[in-house]
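Q: Next input, structure requested:
(2 chains)
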Number of protein chains: 2
Amino acid sequence: MARKIIVIGSGAAGMTAASTARSSSKDSIIDVFTEDGHVSYSPCAIPFVIEGKIKDFGSIVMHTPEWYGKERNIAVHIRTKITSVDVDAKKVTASDGTKHDYDSLILATGGNVLFPPIEGTKLPGVYPVRFISDGKAILDALPNVKSAVVVGAGVIGLEMAVALRKAGKDVTVVEMFKQTIPRIFDEDMAKMVQDHCESLGIKFLMGDPCGSIGGDGKVEKVVVGGKDVPCQMVIMATGVRANLELPNLMGLDIGALGAVRVSATMQPYRKGRLLKDVYIAGDVVMCESSVAPGPTMSQLGSSAVRQGRVAGLNAAGDYAIHPGVASPFISAIGDIQVGGAGLSKGLAEYYGIKVVEGKARGSTRARYYPGGKPLIVKVLADASNGKIIGGQVVAEEDVNGRINWLSAVITKGVTVGEFLSDMENAYCPPTSMVRDTVFDAMEDLKSKL
Amino acid sequence: MARKIIVIGSGAAGMTAASTARSSSKDSIIDVFTEDGHVSYSPCAIPFVIEGKIKDFGSIVMHTPEWYGKERNIAVHIRTKITSVDVDAKKVTASDGTKHDYDSLILATGGNVLFPPIEGTKLPGVYPVRFISDGKAILDALPNVKSAVVVGAGVIGLEMAVALRKAGKDVTVVEMFKQTIPRIFDEDMAKMVQDHCESLGIKFLMGDPCGSIGGDGKVEKVVVGGKDVPCQMVIMATGVRANLELPNLMGLDIGALGAVRVSATMQPYRKGRLLKDVYIAGDVVMCESSVAPGPTMSQLGSSAVRQGRVAGLNAAGDYAIHPGVASPFISAIGDIQVGGAGLSKGLAEYYGIKVVEGKARGSTRARYYPGGKPLIVKVLADASNGKIIGGQVVAEEDVNGRINWLSAVITKGVTVGEFLSDMENAYCPPTSMVRDTVFDAMEDLKSKL
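A: Residues are numbered from 1 along each chain as shown, chains lettered A, B, ... in the order given. Below is the predicted model:
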């Protein structure tokens, strides 16, 4: 008999799970339920629509519900909230009162932007950057904005700051930590990113949290360190927290990081026991790190896709595992690209790992080849065993491939010595230096081990 | 007492060896002898000078002999041939009659372009592409050339064909194999390269060797398959053979591939025994493959640097090894970049490996992000164990990082299944797709395993 698969959530994790289940199981019946009005789009694209690099929000929607029905034989139910799940009866109830049986259930309920518990976050003019509706609301409001404050100097915050600055706004970024891209980037590398943003005219207030948002019926200021910053728009780029509404209703075990605990097969637990026939993926889960000795969050679109694939395969009766994450990330901030993988120095130290750092400056092409861009590579190793545990790259181009390369060697537990003796790089003057700057950074690190 | 290190050869291997020895051993006395008039330049840059992308040959010389003397305390003796080496007395004799003692000797005598044994290769108008003097001679001759023939459709041949075509010449490439980039690229991928070159107006004569070169005192034609191709210039891009003059004089063991056999420490053998205090690196050696079950040649600038580093460290009394090569390469041919690592299908089959192929077409950016370029990725695995043994990429940009990434997983013996479960990619719409095309190629491969 055909297997009934229900997916809750239509983001990267949910739609990948649905599509993968379909590839693996031609005759299963697949239904996707989502509260959103759109499916299959990337929230990461929203700042670039606002910046005007992408022409409109329609472009970022890869496929419509109709496309999924026609091309993939997947029924997508938009604006339909699942209000309860009975895991014993294997049945979900939708907001319209309908009930649906399943053989396999995939939860991909994602996350929400965490608003800090401060005054004024409900004032008109305060926006998260999560859904297309958020992006549209920001674009609609822009003509009446002279000054904007971005709360949070993570990559989404900085991308939004650039977008608003390019739209001619006076932009201030407020960050409670003393550096941009805290937690996943090191201070020295983060400084270059802040310098670049400042060169675009973006202002920073670092080391103090946003104390409150004030205004009479609408946003008029934020208060930071007792000082008023007048503004007509506040962007909340304060991080994403797992959406636990349904997991809590279902009694799923929640891990220490405030997200759903999962097995390598992407199954949740209930009272310590694996929950049969239920799979879960994306921003809502806490997963294993392939480099740190503890669980981690990997709230990246690419992680959601990878986890959704595993959930989809297993839900369809196939078998796949998700062993852990090095969480490679990249961001395009103004004219530079910023990427990392594995642990930052701060995170490594949090785990009690003694870190050795190596750094090098090179070029994206042979030094004499016109158009090459400065390339800064930083690598981190565990001093106790020489294993590469982190890599960070800043350059105007060609960051992505280096991050994937570094992520691979971090995942494989390659040591700095092994990297230097075993690894190679391709070379042609228009595309690379004869010895990639990653090697120079490793050599610098090795000299300090 | 200070160690005396002599390096013979001033290419990538020789100068890297000298510089690495210097970094490792501050007080050693280092002398480099070279027949060339220039040191420290990349022959790979020559086609791009001829194409006009690099402004002149002066630019590609990274450092002068004087610079090495002043900055690195390395004495470089240009236009000085070493005519003999006495490995028992540990002494070399130069063409000027001087004799020089050494504690460690590094041979980096490189290779020469192999001219096929046909008539006419000595006619004026026939050029290899190896030394700056070759490049200058080609540039000087260009104004009197209407039609040129490039013999050999490897990457240097194709880069030269593009350079000559961009200079307005009528260009024909002659290749004895039926595909471009034979041996290291697969036919289907090579076809795209040929198509691109043809779109630039380059003609191809495939599947027949160049039979002869004819002309009265200078080049007037090449004869291919009994047919005359009129031309005033012939570029010999027919591959590089190890320069064995000195190795033969020294009685070094020559391997089956016509190059010097080496240990992992980059030491040559004599009558089967490791030759003490002698190291050798670059185009003159035959080394281990990290993927194939037999020795290989890796005549790449990046391989020369990697081997030179190991030779230099060992010569200076340090210890390093060169375990093997996956030989990642890249070439910029017209508007496209072409790269590979590990084995091609043909080479794998030569070694008796049953190959499974996977292929995917994607984009270098999110599909909706303006300016993304089509990206074609092919991966090969050993059918017996699922290990990834080769990767090939063609795109207008972002090939280099993917090749280094693929090279790393090939070197580490990662299987297709492990790649799909363990590896990750960074994502941001302006720089990548949420799931890199390399994964799609692996997925395609897995479905056929």
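
Q: Pull the number of nearby residues for residue A:71.
A: 11 (other CB atoms under 10 Å in any protein chain shown). Placement of C-beta: from N, CA and C, glycine included.

Q: That one - that's part of a helix, no?
A: Yes: the assignment for residue A:71 is a helix, going by DSSP: H, G, I helix; E, B strand; the rest coil.

Q: residues touching the closest residue to residue A:358 other than its chain neighbours, list them.
A: Distances taken as CB to CB, 6 or more residues apart in numbering or on different chains place residue A:445 nearest to residue A:358, at 2.5 Å, with adjacent residues excluded. Applying CB atoms under 8 Å, 6 or more residues apart in numbering or on different chains to residue A:445 gives the contacts A:356-358, A:379-381, A:416.

Q: Next up, phi/psi of residue A:445, please.
A: Dihedral pair for residue A:445: phi -60, psi -50, per degrees, to the nearest 10.

Q: now do residue A:205
A: According to degrees, to the nearest 10, residue A:205 has phi -120, psi 100.

Q: so who does it touch?
A: So residue A:205 contacts A:172-175, A:224-225, A:227, A:229 (CB under 8 Å, 6+ apart).

Q: let's see it at 10 Å
A: Residues in contact with residue A:205 (CB atoms under 10 Å, 6 or more residues apart in numbering or on different chains) are A:149, A:151, A:153, A:172-176, A:222, A:224-225, A:227, A:229.

Q: do residue A:238 as well
A: Residue A:238 neighbours (CB under 10 Å, 6+ apart): A:113-116, A:121, A:128, A:150-152, A:154, A:156-157, A:174-176, A:209-210.

Q: and those residues, which of them are in helices?
A: Among the contacts of residue A:238, the members found in helices (DSSP state H) are A:156-157.

Q: coming back round to it: filter the contacts of residue A:205 down to just the ones in strands.
A: Using DSSP state E, A:149, A:151, A:172-175, A:222, A:224, A:227, A:229 are the members of those that sit in strands.

Q: Just the buried ones among those residues, please.
A: By neighbour count, with 16 or more other CB atoms under 10 Å in any protein chain shown, the ones in strands among the contacts of residue A:205 hold A:149, A:151, A:172-175, A:222, A:224, A:229 as buried.

Q: Just the strands from the stretch 101-250 of chain A, written as ranges.
A: A:104-107, A:111-113, A:126-128, A:147-151, A:170-175, A:203-206, A:210-214, A:221-224, A:227-230, A:233-236, A:240-242 (DSSP state E, counting those that start in this stretch).

Q: what lines up beside the first one in the sheet?
A: Looking back up the chat, that one is strand A:104-107. Paired strands of strand A:104-107, with direction, are strand A:4-8 (parallel), strand A:278-280 (parallel) (DSSP bridges).

Q: And the most centrally placed residue in chain A, how close does it get to residue A:397?
A: Note on chain A: the residue nearest the mean C-alpha position is residue A:300, at 2.6 Å, using CA atoms, centre = their mean. Separation of residue A:300 from residue A:397 (CB to CB, to the nearest Å) stands at 21 Å.

Q: just to revisit the earlier point, tell me the one among the ones in strands among the contacts of residue A:205 nearest to residue B:29.
A: residue A:175 (54.2 Å; CB to CB).

Q: so what's that closest one closest to, chain neighbours aside?
A: That would be residue A:153: by CB to CB, 6+ apart, it lies 3.7 Å from residue A:175.
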